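K.L.:
A structural model of the following input is requested.
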Amino acid sequence: MYNTIEQLIRHQGWARGSKIHYLIQKNIVEGKSRDEIKEDAVDRNNIFHPRSFNSTWNLYRKIKDDIKWNG
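P.N.:
Predicted structure coming up:
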């Protein structure tokens, strides 16, 4: 269970943790769908490569229920 961003970063590391935190912010806090986030992150802003987005999204989806803070 991740109660804080610090726990997430400690467990996942800075690089992966920050990517997951970005998805938390966009999905949980802002309420955007996967497709909306992918369009922003991959197509518009080029902050994810498509394969990186997909693998990070899959990891995020697996741990989403263990995230206990609101971004």
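K.L.:
just the helices in the protein please.
P.N.:
When assigned using DSSP state H, the helices of the chain occupy the ranges 5-12, 14-24, 34-38, 50-63.
K.L.:
my guess is residue 16 contacts residue 59. True?
P.N.:
Yes - using Cβ atoms under 8 Å, residue 16 is in contact with residue 59, at 7.5 Å. For the C-beta atoms, the positions are set from N, CA and C on the backbone; glycine is no exception.
K.L.:
which non-adjacent residue is nearest residue 20?
P.N.:
residue 60 (5.3 Å; Cβ to Cβ, 6 or more residues apart in numbering).
K.L.:
do you know how far the residue nearest to residue 66 when sequence neighbours are not counted is from residue 47?
P.N.:
Excluding its sequence neighbours, the residue lying closest to residue 66 (Cβ to Cβ, 6+ apart) is residue 1, at 4.9 Å. Plainly put, residue 1 is 27 Å away from residue 47 if you go by Cβ to Cβ, to the nearest Å.
K.L.:
neighbour count: these two, which is higher?
P.N.:
The residue with more neighbours, out of residue 1 and residue 47, is residue 47; 12 against 8, by other Cβ atoms under 10 Å.
K.L.:
show me what contacts that one?
P.N.:
Residue 47 makes contacts with 22, 41, as judged by Cβ atoms under 8 Å, 6 or more residues apart in numbering.
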